[in-house]
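Novice: Output the structure for:
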Amino acid sequence: MKNKLLTFSFIGLLSFSTIAVQGMDNSHSDHSIAETNSSEKIDHEGHHTTPQNSISQAKLSVNKTIIPNKPVKLVINITDNGKTIDQFDDFQEKPMHLIIVSDDLQAFDHLHPNYQGKGRFEVEANFPKAGNYTIFSDYKPTGQTEQVSVLKTQVKGNLSSSEKIDFSTAKTIGNTKINLLLPTSGLKAGQEAKLTFDLRQVANDQPISDLQPYLGEKGHLVILKQSSPLTRQDYIHAHPSKDTSGRKVEFMTSFPQPGKYKLWGQFKRNNQIVIADFWVNVL
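Specialist: Residues are numbered from 1 along each chain as shown. Next up is the predicted model:
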């Protein structure tokens, strides 16, 4: 998907599976749908576990052509074996977490759709740039484990050039300085790794003292492997270690394969969400 960014004068009917794009119907020029089987579950530290016998599906509907920086309503319908799923449990304080990323990993958003009943979720989203996007829909049907569906859509417009990958481990966002601390031995595929975010005040480089809970945690971490196409296997949504304290927020996770990964650490200060993104290389 990332290797070939397709630009259309319309958004046609898109039907995706976990294997390949199955078809395109030009008769639905203002309606975009993407779907994928959702049989993979994840644990609370973002690790992929053995797939369960669920065949729940998520379908994404957009009632108009998506263009950059124009808000658009996304509708996601969840079904199981063709039947509507009515009940969902909250996890991390929400019934659904929606991670939207451009396929070049330059654009990122973390949204929380509102549940409308009968398996229908709605949210307004903004896509900042043209190109192909992957949407990870994270939800938990009542009585089942947390599941992730992968959705696809496109945004019309002129494609921007790719950004150079920067492996810097320090970033300043507003009045917050974030340092990413990695294991001294480096990151190795298949091995547990501790990722530590050291948050400090820009004014005096002192530890922050006003970190607020965000979705019931001291922070959230989304990780994606640079790959084409993006799949569930490339996605990790991790939560802080229980013994995290003070200004440092620690995450334990593992990277399934060698390669380049992008991390988005999300924290809350002064009722504002601070998102710090970093590239890492995994051997």
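Novice: can you count the residues close to T196?
Specialist: By other Cβ atoms under 10 Å, 16 other residues sit near T196. Where you see a C-beta, it was placed from the backbone N, CA and C, and this is true even at glycine.
Novice: A helix includes it, no?
Specialist: No: with DSSP: H, G, I helix; E, B strand; the rest coil as the criterion, T196 is assigned strand and is not in a helix.
Novice: Just to check, S227 is in contact with D234?
Specialist: Yes: the pair S227 and D234 passes the contact test of Cβ atoms under 8 Å, sitting 5.2 Å apart.
Novice: higher neighbour count, these two?
Specialist: Neighbours were counted for S227 and for D234 using other Cβ under 10 Å; D234 has more, 21 against 17.
Novice: could you measure the more buried one against I178, distance?
Specialist: From D234 across to I178, the span is 23 Å (Cβ to Cβ, to the nearest Å).
Novice: repeat for G259
Specialist: 23 Å.
Novice: Looking at the two, which is more packed in?
Specialist: Higher neighbour count among G259 and I178: I178, with 22 against 15, using other Cβ under 10 Å.
Novice: Not counting sequence-adjacent ones, nearest residue to the more buried one?
Specialist: Computed as Cβ to Cβ, 6 or more residues apart in numbering, the closest residue to I178 that is not its neighbour in sequence is A276, at 4.2 Å.
Novice: Could you give the backbone dihedrals for that neighbour?
Specialist: A276 adopts backbone torsions of phi -120, psi 120, taken as degrees, to the nearest 10.
Novice: Could I get the contacting residues of the closest residue to R120 other than its chain neighbours?
Specialist: Leaving aside its sequence neighbours, R120 sits nearest to N77 (Cβ to Cβ, 6+ apart; 5.4 Å). N77 makes contact with 58-59, 61, 84, 119-121 under the criterion Cβ atoms under 8 Å, 6 or more residues apart in numbering.
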